[in-house]
Structure formats: C-alpha cells, structure tokens
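A.B. asks: Need a 3D model of the sequence below.
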Amino acid sequence: MNNNNNNGGGGGGGGGGGGDRDRDRENQKVETSKADKPVYLLKCPPVVSRTFQSYHRQQQHQNNNNNNNNLATTTTTTESSSSSSSSSCRAVAKVIVSIDPLNSKEDSSPQFTMELAGNEFENVPKCYSLDMFKDITPMCAFSQTNNGKVSVEGKVVNKFDMKPHNESIKEYGKLCRERTNKYMIKPRQLQMIDNDRHMRPMPGMGIISSISKDKKKAMPVKGTDTKRTRRDRGEMEDIMFKLMERQPNWTLRQLIQETDQPEQFLKDILKDLCVYNNKGANQGTYELKPEYKKSND
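C.D. replies: Predicted coordinates for the structure are as follows:
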C-alpha cells in the first residue's frame, strides 16, 4: 500500500514537472499572428521620447489602479466602465497628412505633421514635421511579456524622422538653450565627515601639496592617443548649439579640443547638425544648418 501511494505521488510530481516544461516550451514559441501588420518607425528628439515614456508609465500606473478598484467594487455601471476605458486609451498626438491636389501624382508627395496633445507636454514644443522614408532596411517590431512570451507586433513599412516644425522652431531653440545651460553647470556635492581623525594634516603636508601642484602644472596636455569618453548624444547636441552661438564656424580639431570627444562621434553629430564648407572664406570649417540657425536667432 505504501509503495503504491509513493508511486502515485511520484507520478503526480512528474505530471506537474511536465506541465512546467510545456509552459516553458509554449513561452519559447514566437507569436506571429501580427507579422504582416504594417507598423511605422519614428525617430524623435530625446525630449519627446522621454515625454512619451513618462506618459506610458503614468497610463500603466493608472490602469493598474483602475483594475484594483474594479476588483474591490461589487457593482459597476456600463457608463463608468466605458469612460474609464476611453480615458485609458486617450491619444497623445495626432498626425495631419497634407496633399496638394493640384500637383500630379508623380510630383505630389504627402506632407506629415504631428501635433502633441494633452497637458503632459506643457514644456515641450507641440508641432513637428515628419520626413518619411520608404527605402529602409527590412525590420520587424517585437514585444515581450513579463512571462517571457515573445510576439511579433508587425513589419516596419515606413520610417519617419521627426524635427521641429517652423511654427515651433523658436520654442525648440529656447528649450535647447535651456538644456545646454543646465548641462554646462556642474552641481557641487557636499559630504559631511563624521570621523575626522584621519583627515588632519601631517607635518610637512603643506610642502608636499605645493610640490604636487607644481607637477600638475607641468603635466602635458592630453595627446590625440588618449582615449576619450563619449557623452550622452542629447547632451552633446546641446553643447554643440552653445558652441555655435559663441562662434559660427569651427574646425574639427577645434571642436575636439573644446569638447574632448572622440573624433568619429563628433563627425556623426556634425553630419546631422552642420554643413561643411569646402570653399570660400570659411573653407575647412563647420557651421549650423539653416534650420538650426533660425532657432538660435
């Protein structure tokens, strides 16, 4: 009797282990029912991206609270449930498509404009232009749940580059200058020392410190072989705008000395923000593109 019971218990345990393995295998499968759904890839400024992410976290928190309230409430009305669902699905932006009917199909291309909505974007420029690109590398969008389940959300058919619209160019330039000033100011940190017994100067400490200061003054400037650490790209763009306000034309060597950034990293940023003068009085220098010059006027 005991042996039969033990064998039965072992079989039940094996069945439970088999169920876990089945769930693991199920999670390893990729859900592809939405593989052909067209999706769009949007490249947006960091300030807009951070605002979108903040809004998404707020919506998740609000939805979790609504779910908890629904579980605690015994009776709900259809009106309240519909209003809560509509508020959770509120749009954060709208896209306006403009087509000139007077142009031929070959010459006319739709113009895309995005306008941000809601109070979450109070300190962010509201209007942006979207440049569409169809010739892109084939890509797909994926999602993953907390349980590890991976799903294909769709196939990228178009890519949009987001830039400030002419209506918001002054507002965006003001925002860039404010961020630049913020990054240029390094905050000071004060730390209280509880046990100061080991911090008292030893005899002759003043002489040693003066000698070390002289050695520091004699140290050579960083060479070109010194490895430089990259800053955050958004921070570097703000610094570049600040430098261009101080002086309209810069050589690559001057910018490397001024920012202490890797050469290739600076070239990538200059390619997006500046134009290179091949001839003329400013030959061999970089200056801001016309659309960014307007924001600095």
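
A.B. asks: Pretty sure Pro262 is one of the things Arg230 touches, is it not?
C.D. replies: Yes - using C-beta atoms under 8 Å, Arg230 is in contact with Pro262, at 6.2 Å. C-beta here means a position set from N, CA and C on the backbone, and glycine is covered the same way.

A.B. asks: Which one's more surrounded, those two?
C.D. replies: Taking other C-beta atoms under 10 Å, Arg230 and Pro262 do not tie; Pro262 has more neighbours (15 against 12).

A.B. asks: Next up, phi/psi of the closest residue to that one other than its chain neighbours, please.
C.D. replies: Distances taken as C-beta to C-beta, 6 or more residues apart in numbering place Arg228 nearest to Pro262, at 4.9 Å, with adjacent residues excluded. Main-chain dihedrals, Arg228, degrees, to the nearest 10: phi -100, psi 150.

A.B. asks: Might you report the residue contacts of Arg228?
C.D. replies: Asp260, Gln261, Pro262 (C-beta atoms under 8 Å, 6 or more residues apart in numbering).

A.B. asks: and it, what pLDDT?
C.D. replies: Listed pLDDT for Arg228 reads 77.

A.B. asks: Please report how far it lies from Met236.
C.D. replies: Per C-beta to C-beta, to the nearest Å, Arg228 is found 12 Å from Met236.

A.B. asks: Same check on His61?
C.D. replies: Per C-beta to C-beta, His61 is found 32 Å from Met236.

A.B. asks: Who has more neighbours out of these two?
C.D. replies: Met236 (19 against 10).

A.B. asks: Just the pLDDT at the more buried one, thanks.
C.D. replies: Note on Met236: pLDDT of 88.

A.B. asks: isn't it right up against Gln261?
C.D. replies: Yes - using C-beta under 8 Å, Met236 is in contact with Gln261, at 6.6 Å.

A.B. asks: circling back: which of the contacts of Arg228 fall in strands?
C.D. replies: When the contacts of Arg228 are checked against strands using DSSP state E, none is located there.

A.B. asks: Would you mind giving those as CSV with pLDDT and distance to Leu252 added?
C.D. replies: Output for the contacts of Arg228, formatted as CSV (pLDDT from 0 to 100; distance: C-beta to C-beta, whole Å):
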residue, pLDDT, distance to Leu252
Asp260, 88, 13
Gln261, 91, 11
Pro262, 90, 12
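
A.B. asks: So which of the residues you listed is the closest to Ile136?
C.D. replies: Distance to Ile136, by C-beta to C-beta, is smallest for Pro262 among those, at 27.4 Å.

A.B. asks: buried set for the helix or strand hosting Tyr183?
C.D. replies: Using DSSP states H and E, Tyr183 falls within helix 169-184. By neighbour count on 16 or more other C-beta atoms under 10 Å, the buried set for helix 169-184 is Ile169, Glu171, Tyr172, Gly173, Leu175, Cys176, Arg177, Arg179, Thr180, Tyr183.

A.B. asks: Tally up the residues packed near Lys271, please.
C.D. replies: Lys271: 11 neighbours (other C-beta under 10 Å).

A.B. asks: Low-confidence ranges, the stretch 51-200 of the chain, go.
C.D. replies: For the stretch 51-200 of the chain, the stretches flagged by pLDDT under 70 are 66-90, 104-108, 118-122, 195-200.

A.B. asks: which stretches of it form helices?
C.D. replies: 78-88, 169-184 (DSSP state H, counting those that start in this stretch).

A.B. asks: Can you read off the backbone torsions of the closest residue to Tyr276 other than its chain neighbours?
C.D. replies: Closest residue to Tyr276 apart from its sequence neighbours, by C-beta to C-beta, 6+ apart: Tyr286 at 5.7 Å. When read as degrees, to the nearest 10, the backbone of Tyr286 gives phi -110, psi 150.
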